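J.: only geometry, no sequence info:
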């Protein structure tokens, strides 16, 4: 029986795993992620990336919390209001 896991998900995981040296990605099973299934972001990973990629946030890591606060607000509002239009 075909399902999304064995027809699409496994294929994508296989492709990513084969190219991991080229793109810097690695597959982490959902059970090993620092989040519950309903979370949209892995906040610890987003925070680390913000600090690593943004010199201003690197100088003051508390700015990352501000960004995360705003991201959470956007994610929550999209659930009830939908995406904003330009």
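T.: It's in. For clarity, every value in this text was computed on a predicted model and none was experimentally measured. Residues are numbered from 1 along each chain as shown.
J.: Which residue is the nearest non-sequential neighbour of the spatially most central residue of the chain?
T.: The geometric centre of the chain, computed from its C-alpha atoms, lies nearest to residue 41 (C-alpha atoms, centre = their mean), at 4.8 Å. Of all residues not flanking residue 41 in the chain, residue 71 sits nearest, at 6.6 Å (C-beta to C-beta, 6 or more residues apart in numbering). C-beta: built from backbone N, CA, C; applies to glycine.
J.: Distance of that neighbour relative to residue 25?
T.: 22 Å (C-beta to C-beta, to the nearest Å).
J.: likewise residue 16?
T.: Taking C-beta to C-beta, one finds residue 16 at 5 Å from residue 25.
J.: which of residue 71 and residue 25 has more neighbours?
T.: Applying other C-beta atoms under 10 Å to residue 71 and residue 25 shows that residue 71 carries more neighbours, namely 15 against 11.
J.: element containing that one?
T.: Assessed by DSSP states H and E, residue 71 sits inside helix 62-81.
J.: other SSEs contacting that helix?
T.: helix 43-53, helix 55-59 (3 or more C-beta pairs under 8 Å, 6 or more residues apart in numbering; DSSP states H and E).
J.: and those, which is most packed in?
T.: helix 43-53 (a mean of 14; mean count of other C-beta atoms under 10 Å).
J.: Let me see the residues that make contact with that helix.
T.: With C-beta atoms under 8 Å, 6 or more residues apart in numbering as the test, helix 43-53 has contacts from 34, 35, 57, 58, 61, 63, 64, 65, 67, 68, 71.
J.: taking those residues as a set, which two sit the farthest apart in space?
T.: Farthest pair in the contacts of helix 43-53 (C-beta to C-beta) is 35 and 58. Separation: 24.1 Å.
J.: Now do the contacts for residue 26.
T.: 17, 20.
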